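Enquirer: Sequence plus predicted model, see below.
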Amino acid sequence: AQSVSQHNHHVILSEAASLELGCNYSYGGTVNLFWYVQYPGQHLQLLLKYFSGDPLVKGIKGFEAEFIKSKFSFNLRKPSVQWSDTAEYFCAVIPYGNNRLAFGKGNQVVVIP
Amino acid sequence: GAVVSQHPSRVICKSGTSVKIECRSLDFQATTMFWYRQFPKQSLMLMATSNEGSKATYEQGVEKDKFLINHASLTLSTLTVTSAHPEDSSFYICSARDGTSGGTSTDTQYFGPGTRLTVL
């Protein structure tokens, strides 16, 4: 079945540490890729998205993600996290020509001051 | 950025009653809105796609007679949970697609803050 996989549901790290969250999808063909963030008590916000072009995408708040087509991956990274990055992060995929987002299960990230 | 609101943010109701949740796009027109359900510590599950002026498209396993969706205008979609039962207790989230990019799969979806439904 087509799916979006996020591993290591719970991630705990200290401030200034680097963060990398993996996202793999199993859809064939062209896809559009998104990372959303949900801060405690807030709604989902778009961090970044990839449609085409440079596979290294820069988003808000210092986040970036790299699309590796051969690995069906779209991993999210931030070189140095802050306490305010504590949130849940969701990877999402839309197959090209579709309008329905498929979400991964999310990564709960806790940054310790 | 685009803003989507939901009302109410929290509702508690008795079993057997119906609850209506509103989703509004505040500063853009949304031809398509989506309704999701999120269980604790789980991902968002798409329930249905709501298109303005036409019937909603429900995902497999979602009862259309239980979860009534109306998308009467370009800025408003409503989800009515009919004859609610405790198992319907959940976090319901809507999103609205900003159709300005001209492509269904490249349009960004903006999410509402969610509605916490508790059925006693």
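Expert: Now that the structure is in, tell me what you want to look at.

Enquirer: Note down every partner strand of the helix or strand containing residue B:5 and its orientation.
Expert: Secondary structure from DSSP states H and E places residue B:5 in strand B:4-7. Strand B:4-7 pairs in its sheet with strand B:19-25 (antiparallel), by DSSP bridges.

Enquirer: next structured bit after the partner strand?
Expert: In N-to-C order, the element after strand B:19-25 by DSSP H and E is strand B:32-38.

Enquirer: what's the angle between the next helix or strand after that next one and strand B:19-25?
Expert: The C-terminal neighbour of strand B:32-38 among helices and strands, as given by DSSP H and E, is strand B:44-51. Per axes from the mean of the first three to the mean of the last three CA atoms, to 10 degrees, the angle that strand B:44-51 makes with strand B:19-25 is 70 degrees.

Enquirer: at contact distance from chain A, anything in strand B:44-51?
Expert: Yes: judged by CB under 8 Å from any CB of the partner chain, strand B:44-51 comes into contact with chain A at B:44-46, B:49. For the C-beta atoms, the positions are set from N, CA and C on the backbone; glycine is no exception.

Enquirer: Tell me which residues of stretch B:90-100 come out buried.
Expert: Neighbour-count burial for stretch B:90-100 flags B:90-99 (criterion: 16 or more other CB atoms under 10 Å in any protein chain shown).

Enquirer: what does chain B put close to chain A?
Expert: Listed as neighbours of chain A in chain B under the rule CB under 8 Å from any CB: B:1, B:4, B:32, B:34, B:41-46, B:49, B:93, B:95, B:97, B:104-114.

Enquirer: Now the buried members of these.
Expert: The neighbour-count test (16+ other CB under 10 Å) marks B:4, B:32, B:34, B:43-46, B:49, B:93, B:95, B:97, B:104-105, B:107-114 as buried among the residues of chain B next to chain A.

Enquirer: List the neighbouring strands of the helix or strand bottoming out on mean pLDDT in chain B plus their orientation.
Expert: Here the helix or strand of chain B ranked lowest by mean pLDDT, DSSP states H and E is strand B:109-111, holding a mean of 89. Paired with strand B:109-111 in the same sheet, following DSSP bridges, are strand B:90-97 (antiparallel).

Enquirer: Enumerate the residues of chain A near chain B.
Expert: A:9, A:32, A:34, A:36, A:42-46, A:49, A:51, A:90, A:94-106, A:108.

Enquirer: List the beta-bridge partners for the residue nearest the centre of chain B.
Expert: Per CA atoms, centre = their mean, the C-alpha nearest to the average position across chain B is that of residue B:35, at 3.1 Å. Legend: beta-bridge partners of residue B:35 under DSSP bridges are residue B:48, residue B:94.

Enquirer: Run through chain B and note the low-pLDDT ranges.
Expert: Chain B contains residues with pLDDT under 70 at B:1, B:99-106.

Enquirer: same thing but 50
Expert: Chain B contains no residues with pLDDT under 50.
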